[in-house]
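J.: sequence first, predicted model second:
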Amino acid sequence: MLALDAGTAHRSRAYRTFRLDRAGRVCAAEILSAEDDTQARRRARAMVGRDAIELWERTRFLGRFEPAVPAARDRAAR
């Protein structure tokens, strides 16, 4: 959630995260507040669950974070 007071509003920047389903389609979007790109990437990476997360600041793409490959699927691929 975006909870800003007067002090953090001045320092924070608004980023957007997009949760992608297995087909690569956006299934959810959320505004993420962070002081800089590094903090935004760290927070977006922490949001990864079963679905991938893309991080954007306006039209600037900052990264795509994929879920970890489950151990069972990893063994089956060998």
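T.: Cool, the structure landed. Residues are numbered from 1 along each chain as shown.
J.: which residue packs closest to the residue nearest in space to the middle of the chain, ignoring adjacent ones?
T.: Nearest to the mean C-alpha position of the chain, counting by Cα atoms, centre = their mean, stands A44 at 2.9 Å. Nearest residue to A44 in three dimensions, chain neighbours excluded: L55, at 4.2 Å (Cβ to Cβ, 6 or more residues apart in numbering). Glycine gets a C-beta too; all of them are placed from N, C-alpha and C.
J.: just A68 next, same as before
T.: V48 (8.0 Å).
J.: do R45 as well
T.: R45 sits nearest to F65 (Cβ to Cβ, 6+ apart), 4.8 Å away.
J.: burial measure for that neighbour, as a count.
T.: 18 (other Cβ atoms under 10 Å).
J.: quick one: the strands in this structure?
T.: For the chain, the strands defined by DSSP state E occupy 13-20, 26-34, 52-57, 60-65.
J.: can you put the ones you listed in TSV and add mean pLDDT and distance to A40?
T.: Formatted as TSV, those follow (pLDDT from 0 to 100; distance: least, Cβ to Cβ, whole Å):
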stretch	mean pLDDT	distance to A40
strand 13-20	97	5
strand 26-34	97	4
strand 52-57	98	6
strand 60-65	98	7
